[in-house]
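In: Predicted model, plus sequence, below.
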Amino acid sequence: MNILTLQILLTISTLGYSAIPAIFDTNDTHMTNPRWVPHARFHVVWQVASYVGFALIALFFIWAPSDEARLHLWFATAMSIAAYGGFFFAVLSRAFYDGANYDENGVVPYRPPFIGKWLAFEVNITLFSAAVLILTLAVIGLLLPENAQGAAINAVWIVMAILFFILLSILIVFVGAFILGRKHPQDQHNLYQVQKK
């Protein structure tokens, strides 16, 4: 797989663990949520600022010219794995610390038009799952030999391209829906409460 494709995949993965929290968490659903204790808000700001800093380092590894480009891409990959691994560890272990994936006055599950009556998507899990799958595509690309050719490699490319566009569409829809929904956050919460009943 060519380096540019890997750089694009890893850039999206990196923006997933940095830009998405910066968009979703720097408002009254998290950072200035009046129902959160001040120290919890402190930790959110710390987390977002740290992830943005890590992302800047990762983006340097991804895009800076180097004779060791693939090694630098592996460094950026490891940083993404650590960030998403920490997220899914928190999701899977929340029973041990009495945690929750969302608060009622935070970013509630997204109910898309048409299927929203029957199905709600927990936003963090959906977005980060899509980002992890894009990261997985990058890992597969890094594992493929640099000059690999043939029918099997072409088939892998086609499947990866289809998956990439599906996953990117999911990311765009969810981030876009959140940004548009931020204009009327109370309406979003009230709508969730009505649909939940």
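Out: In hand now; what should we look at?
In: Report the secondary structure state of residue 99.
Out: Here residue 99 is recorded as coil under DSSP: H, G, I helix; E, B strand; the rest coil.
In: Work out the gap between the host helix or strand of residue 50 and the centre of the chain.
Out: Applying DSSP states H and E as the criterion places residue 50 in helix 38-63. Offset of helix 38-63 from its chain centre (C-alpha atoms, centre = their mean, to the nearest Å): 13 Å.
In: Mind giving me the packing neighbours of that helix?
Out: Applying 3 or more C-beta pairs under 8 Å, 6 or more residues apart in numbering; DSSP states H and E, one finds that helix 38-63 contacts helix 3-25, helix 69-92. All C-beta atoms are positioned from the backbone trio N, CA, C, and that covers glycine.
In: any chance of these in a markdown table, plus mean pLDDT, distance to residue 128 and mean neighbour count?
Out: As requested, these are exported to a markdown table (pLDDT from 0 to 100; distance: least, C-beta to C-beta, whole Å; neighbours: other C-beta atoms under 10 Å):
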| stretch | mean pLDDT | distance to residue 128 | mean neighbour count |
| --- | --- | --- | --- |
| helix 3-25 | 91 | 7 | 20 |
| helix 69-92 | 96 | 5 | 16 |
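In: Out of the ones you listed, flag the one nearest residue 107.
Out: With C-beta to C-beta, the closest approach to residue 107 among the helices and strands packed on helix 38-63 belongs to helix 3-25: 5.8 Å.
In: longest helix of the protein?
Out: Taking DSSP state H as the criterion, the chain has its longest helix at helix 151-181.
In: Run the angle between that one and helix 3-25 for me.
Out: Calculated by axes from the mean of the first three to the mean of the last three C-alpha atoms, to 10 degrees, helix 151-181 forms an angle of 20 degrees with helix 3-25.
In: can you tell me the average pLDDT over helix 151-181?
Out: Throughout helix 151-181, pLDDT has a mean value of 73.
In: I'd like to know how far residue 108 sits from residue 102.
Out: Residue 108 is 6 Å from residue 102, where distance means C-beta to C-beta, to the nearest Å.
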